[in-house]
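1. test case, fold it:
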Amino acid sequence: MSRNNNQDLRDKLLQSARELLVSKGYRGFSLRQVARETGVSATSVYIYFENKDHLIHTLIEQSISELNERLEKVYGSLTDPEERLKGFAEAYVNYALEHPREYQIIYLASPEDMTRYPKEKFRKARRGYEFLTDTIKEAVRQDIFDEPYPRTAAYTFWAQLHGVMSVVLSKRLDTRIDQQEFIEQAISHILHGFQMRTALQQKPNI
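-> Got it, this is the predicted structure:
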């Protein structure tokens, strides 16, 4: 089999695996199902992936890498910390909307179910989170935010965005609320939370 054919088959296996994992979850997912869905023998899957967790780790790594590429573009193109935070939020949301399966893969498998994600891969995965942390630190240095715990604040920022997108992608948003308006207002509220926290902390005692 040629190198191109090898890559094509690997890509097809990953696509089948992604759809199965989202639809069936970690516990209902197997390499035999992936092989059957792709139209190849089970042994063909093991040419590319050692086991189930190796395949899922590969999917997670792909998704995080794609998301981080978008965040890196924002990080490199915007210098104002507040504008950059807004850019991060929009890039995160747009990735989730444009690639819902890939996005859901990042959070789908529980660490208790899987073998530990390799340290070297985890360092790469954390890159986008570090962009956000560095931006909040920069805002503190410029006296834009008064935030004593930038790393915790960055994690809170991601958690809030993930909550917003979980509601949207699971189709649990109140039908009386426009989806785009909800997302825009949610981002505005998250950013406003940072600004309000700073305003309250800087307010002089009377």
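2. in the helix or strand bottoming out on mean pLDDT in the chain, what counts as buried?
-> The weakest-scoring helix or strand in the chain, judged by mean pLDDT, DSSP states H and E, is helix 119-125 (a mean of 72). By 16 or more other Cβ atoms under 10 Å, the buried positions in helix 119-125 come out as A125. (Each C-beta comes from the backbone N, C-alpha and C, glycine too.)
3. chain center to that helix: distance?
-> Helix 119-125 sits 14 Å away from the centroid of its parent chain (Cα atoms, centre = their mean, to the nearest Å).
4. ok, stretch 141-148 next?
-> Chain-centre distance of stretch 141-148: 26 Å, with Cα atoms, centre = their mean.
5. buried residues, it. List them.
-> By neighbour count on 16+ other Cβ under 10 Å, the buried set for stretch 141-148 is I144, F145, E147.
6. kindly report the same for stretch 46-58.
-> Residues of stretch 46-58 classed as buried: F49, K52, D53, L55, I56, H57, T58 (neighbour count, 16+ other Cβ under 10 Å).
7. pretty sure the first one sits against T58.
-> Yes. Under the criterion of Cβ atoms under 8 Å, F49 makes contact with T58 at 6.8 Å.
8. tell me the average confidence for the host helix or strand of V140?
-> Following DSSP states H and E, one finds V140 within helix 127-141. Mean pLDDT, computed over helix 127-141, is 94.
9. repeat for stretch 14-21
-> The average pLDDT for stretch 14-21 rounds to 94.
10. hey, C-alpha coordinates of that stretch in PDB?
-> The C-alpha atoms that make up stretch 14-21 are tabulated as PDB, following Å, rounded to 0.1, in the frame of the first residue of the first chain:
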ATOM      1  CA  LEU A  14     -10.200   8.600  12.500                       C
ATOM      2  CA  GLN A  15     -13.300   9.900  10.900                       C
ATOM      3  CA  SER A  16     -15.300   6.700  11.700                       C
ATOM      4  CA  ALA A  17     -13.900   6.700  15.200                       C
ATOM      5  CA  ARG A  18     -14.900  10.300  15.800                       C
ATOM      6  CA  GLU A  19     -18.500   9.700  14.700                       C
ATOM      7  CA  LEU A  20     -18.800   6.500  16.800                       C
ATOM      8  CA  LEU A  21     -17.200   8.100  19.900                       C
END
